[in-house]
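Asker: Requesting a structural model of the entry that follows:
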Amino acid sequence: MAQARTVGTQTLPIAQVLAPACLALLLGAFLLIGTGFGTIPAVHNAAHDARHAFAFPCH
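Answerer: Residues are numbered from 1 along each chain as shown. As a prediction, this is how the structure comes out:
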């Protein structure tokens, strides 16, 4: 039978948490909003459909 082990937690500095969170936010904003202004119709339509799927008003 396997024995249970306790794993300790580690506190991270705020910079190590905020940097990836900000990058993810910027990437998400670009994908959702920035591609909506794309000149390729397929890219624009995909962003448009994603906005509607998340109930985000776009027009």
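
Asker: which parts of the helix or strand of the chain with the lowest mean pLDDT are buried?
Answerer: Within the chain, judged by mean pLDDT, DSSP states H and E, the helix or strand with the poorest mean is helix 41-53; its value is a mean of 79. Counting neighbours by 16 or more other Cβ atoms under 10 Å, one finds that the buried residues in helix 41-53 are Ala47, His48, Arg51. Using the backbone N, CA and C atoms, a C-beta is placed for each residue, glycine as well.

Asker: list the contacts for the closest residue to Ala50 other than its chain neighbours?
Answerer: In space, Ala50 comes closest to Leu32 once its chain neighbours are excluded; the distance is 6.2 Å by Cβ to Cβ, 6 or more residues apart in numbering. Leu32 makes contact with Ala47, Ala50, Arg51, Phe54, Phe56 under the criterion Cβ atoms under 8 Å, 6 or more residues apart in numbering.

Asker: can you tell me which two in those residues are farthest apart?
Answerer: The span of those, defined through Cβ to Cβ, is set by Ala47 and Phe54 at 11.0 Å.

Asker: For the lengthiest helix in the chain, buried residues please.
Answerer: Taking residue count as the measure and DSSP state H as the definition, the longest helix of the chain comes out as helix 14-32. Taking 16+ other Cβ under 10 Å as the neighbour-count basis, helix 14-32 is seen to contain no buried residue.
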